[in-house]
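Participant: predicted model follows, preceded by the sequence.
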Amino acid sequence: MIIHTDRDLSLSGMETFTPKTFNIPELVGIGAKNIEEHLKLYKGYVSNSNLIINKIKEYEKDPVENVYVLGELHRRFSFEFDGMRNHEYYFESLSDGKKEINKDGELYKKIEIEWGSFENWLTQYKAIAMTRGIGWVILYHDKQTGHLLNQWIDEQHLGHLTGLSPVLCLDMWEHAYVYDYPTSEKKKYVEAFFENLNWDKVENNY
């Protein structure tokens, strides 16, 4: 899995997070400038997650006096933390060069069982990506039932399915494609994303 980060336990046992590095080659349809700026934004989510952890530690010294501040910090933490983790899935799936999905692999077979064909799944996933607004499309694996599910996530964190593991994450915030396409052409960005996927990475998540 790629969701772990390096850990520093200097905050009295509380975890802090270190930005991951990704080996992203030249991509088709997604420019180097967009990736460069996007990675800066990802690092911002990591920094803000660390900042909020520190602030929570500080305000917890008087939890009664700071109850409302702590409540808002915890709400904000889910946004920053999920922004960090979602991006780690996203960038990892674009790392180390394009690789086609293994049609004899377990993920491909499971997608065909769930949707009737890989093409049916892909059509649904891309359609969800065209949802109005900012957010993510995530293919989840429900380990309790064994099922796969496609889901739209508002912003970074609203709509995540509890207990399900992300398999494939597609960033549909405008920052993911703004240097390459106007918002009216975001469908071209979706197509470019799939043109560059390293399906080995995605299959490892499953």
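Facilitator: Yep, it's here.
Participant: which of the residues in stretch 181-194 are buried?
Facilitator: Buried residues in stretch 181-194, counted by 16 or more other CB atoms under 10 Å: Y181, K186, Y189, V190, A192, F193, F194. Every residue, glycine included, has its C-beta placed from N, CA and C.
Participant: list of residues touching it?
Facilitator: Stretch 181-194 is contacted by residues 27-30, 94, 122, 126, 129-130, 170, 172, 174, 176-177, 180 when judged by CB atoms under 8 Å, 6 or more residues apart in numbering.
Participant: from these, which would you call buried?
Facilitator: By 16+ other CB under 10 Å, those give L27, G29, I30, L94, K126, A129, L170, M172, A176, Y177, D180 as buried.
Participant: and the fifth one, what element?
Facilitator: So that's K126. Under the criterion of DSSP states H and E, K126 resides in helix 118-129.
Participant: middle-most residue in the chain, spatially?
Facilitator: Nearest to the geometric centre of the chain sits N86, at 1.9 Å (CA atoms, centre = their mean).
Participant: before we move on, back to that, in the contacts of stretch 181-194, find the pair that's most separated.
Facilitator: With CB to CB as the measure, no two of the contacts of stretch 181-194 lie farther apart than L122 and E174, at 22.8 Å.
Participant: and after the one helix or strand E72 maps to, which helix or strand comes next?
Facilitator: Here E72 sits within helix 67-93, counting by DSSP H and E. Next helix or strand after helix 67-93 toward the C-terminus (DSSP H and E): helix 106-115.
Participant: go through that following helix and flag the buried ones.
Facilitator: Quick answer for helix 106-115 (16+ other CB under 10 Å): L107, Y108, K110, I111, W115.
Participant: TSV for the residues you listed, including pLDDT and distance to P19?
Facilitator: As requested, the buried residues of helix 106-115 are exported to TSV (pLDDT from 0 to 100; distance: CB to CB, whole Å):
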residue	pLDDT	distance to P19
L107	97	28
Y108	97	32
K110	97	32
I111	98	31
W115	97	35
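Participant: can those go into a markdown table with extra columns for distance to N23?
Facilitator: As requested, these are exported to a markdown table (distance: CB to CB, whole Å):
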| residue | distance to N23 |
| --- | --- |
| L107 | 22 |
| Y108 | 24 |
| K110 | 27 |
| I111 | 26 |
| W115 | 31 |
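Participant: domains in this structure, as residue ranges please.
Facilitator: Per the record, the chain has its domains at 7-93, 106-205, by automatic domain parsing.
Participant: the residue most distant from the middle of this protein, which is it?
Facilitator: The chain, CA atoms, centre = their mean, max distance from centroid: E65 (35.3 Å).
Participant: now do the buried residues in stretch 67-83.
Facilitator: Here stretch 67-83 shows L70, L73, R76, F77, S78, F79, E80, F81, D82, G83 as buried, counting by 16+ other CB under 10 Å.
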